[in-house]
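*Asks:* Fold the following.
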Amino acid sequence: MASSHTTAACHKNCTTTGDTVAPTLSIASPAAGSSVQGTVTVAGSASDNTAVATVAVAVDGGAWQTASGTTSWSWAWSTNGVANGSHTVVAKATDTSGNASTSSVTVTVANTTATTTDTTPPSVTISSPGAGATVSGTVAVTGTAADNGTLSAVAVSVDGGTWSTASGTSNWSWNWATTGLTDGGHTLSVRATDASGNASQASRTVTVSNTAPSPSPSPSSSPSSSAPDTQGTWVSPEGVHLSVSTAGSWTLSSVYALLKANALDLDKIGPSLTVNVQDAQSTYTTTSAGMTSGRYTTYVATMWLQGTSTAFTTMPNATLAHEYGHAWSQYQYYITHQGSWAGYLSARWTTSDGSLTLATDSRTNSSYTWTVNEIVADDYRLLLASSAAASEKPTHLNTTIPAPASVPGLSTYLAGAFRSA
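*Replies:* The predicted structure is shown next:
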């Protein structure tokens, strides 16, 4: 008689059964109410009943900046260019189950020492869409900016129109709804401004085409579809269940466009995939597989993408590609290879000379960045997803091991043998 059972695997920021305890977090310095100037070391400690994954710091509700360390953490805050007066520093600790807590102090910036006038403008670039690209629907416009001091804001304009504030500064993004524009060439301009008022611009021209499906190539071989340019729920032609309910500007159309651009084998994995874009849960992916008569025969994956003030808003292609990398690789692990990583572990070098692989390296699964699930998901992002997914975040999650593109045969293995028994 056939028997069945279900196993489950969780990945980055996955909330595991039973762990709902948020980390504890404290800011040791600077002290609340203190006066600060110049570069200030914001430091403190955090602890958790399982493990603290990250600590990040934000000032006055700005972008989160990753601190150095977790249980004992620190972050260098340059107050040069910050207006004198009261400012609130907030630290956030997140554990490996996605639980988070915050702590804050209010301090007074008092920079009385005369400083050299900053006349150097920021640098700013547009990463996507590419120059001359053909776009339709809602398009994620992304890029980077840098300054010798502090970036104040990044804004985007279309055809010389009104400037719209982008999300983020050093890594910025803006969702562009093209449906109200005429088909043809349009110019995107981005402007970065620093705390001293210096500004610089970059621009590129793209072609809007909303009267026919976009000719841009996609890793998925499934048919194109006009997803609703609204929030709500929708099932794609591949069977993907999409749900968008966020305070951000994401729509079913913009999320599906990102998925199509980064999802290899979507026609195969789609019927078992759910993608939720919302604000309550941090970004993570869960998968499970059912076994019948000793073989894995069913598979389910759920991707959670946090729609505001996260890596998904600043690096949408890179974030979605990594999470889909979890769904894709786990499908191959369970259904294609029946619970075996053997081929991948042998193909994935951990030393530049190939003397060690994940199969033989004692560091494998010893920490988060050495977890096989995370390494293969980022290999997928850099080798098999879109060029934007790689350009938005060029480095691998594990920077100790060789980059996947430098490992001979790895790309061929993942695109070929790993996808077939």
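*Asks:* could you measure Val135 against Ser128, distance?
*Replies:* With the distance defined as C-beta to C-beta, to the nearest Å, Val135 ends up 10 Å from Ser128. (C-beta placed from N, C-alpha, C; glycine too.)
*Asks:* Show me the helices in this protein, by range?
*Replies:* For the chain, applying DSSP state H gives helices covering 252-262, 266-269, 311-314, 316-331, 342-347, 372-383, 387-392, 410-415.
*Asks:* now the ones you listed in TSV, with distance to Asn111, mean neighbour count and mean pLDDT?
*Replies:* TSV is the format used below for the helices of the chain (distance: least, C-beta to C-beta, whole Å; neighbours: other C-beta atoms under 10 Å; pLDDT from 0 to 100):
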stretch	distance to Asn111	mean neighbour count	mean pLDDT
helix 252-262	41	25	96
helix 266-269	52	21	94
helix 311-314	29	24	95
helix 316-331	36	27	97
helix 342-347	53	17	92
helix 372-383	40	23	96
helix 387-392	34	20	93
helix 410-415	50	18	90
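*Asks:* who wins for proximity to Asp60 among those?
*Replies:* Evaluated over the helices of the chain, closeness to Asp60 peaks at helix 311-314, with 18.2 Å, by C-beta to C-beta.
*Asks:* Dump that closest one to CSV, keeping only the CA atoms.
*Replies:* C-alpha atoms of helix 311-314 as CSV (Å, rounded to 0.1, in the frame of the first residue of the first chain):
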residue,chain,number,x,y,z
ALA,A,311,16.4,44.8,-0.2
PHE,A,312,13.5,43.9,-2.5
THR,A,313,12.8,47.5,-3.1
THR,A,314,16.4,48.5,-3.7
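*Asks:* In terms of secondary structure, what does it contact?
*Replies:* Using 3 or more C-beta pairs under 8 Å, 6 or more residues apart in numbering; DSSP states H and E, the elements in contact with helix 311-314 are strand 171-177, helix 316-331.
*Asks:* Pretty sure Val336 sits against Ala417.
*Replies:* Rather than Val, residue 336 is Thr. No. Contact between Thr336 and Ala417 fails when scored by C-beta atoms under 8 Å: they sit 9.6 Å apart.
*Asks:* which neighbours do the two share?
*Replies:* In terms of C-beta atoms under 8 Å, 6 or more residues apart in numbering, Thr336 and Ala417 are not both contacted by any residue.
*Asks:* Report how many residues lie close to Trp304.
*Replies:* By other C-beta atoms under 10 Å, 22 other residues sit near Trp304.
*Asks:* Tell me what it is bridged to.
*Replies:* Bridge pairing for Trp304 (DSSP bridges) gives the partners Asn276, Tyr284.
*Asks:* what residues are up against it?
*Replies:* By C-beta under 8 Å, 6+ apart, the residues touching Trp304 are Asn276, Gln278, Gln281, Ser282, Thr283, Tyr284, Thr285, Thr286.
*Asks:* Turn the helices of the chain into a markdown table, including distance to Ile401.
*Replies:* Listed next are the helices of the chain as a markdown table, based on distance: least, C-beta to C-beta, whole Å:
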| stretch | distance to Ile401 |
| --- | --- |
| helix 252-262 | 22 |
| helix 266-269 | 26 |
| helix 311-314 | 21 |
| helix 316-331 | 16 |
| helix 342-347 | 12 |
| helix 372-383 | 7 |
| helix 387-392 | 17 |
| helix 410-415 | 11 |
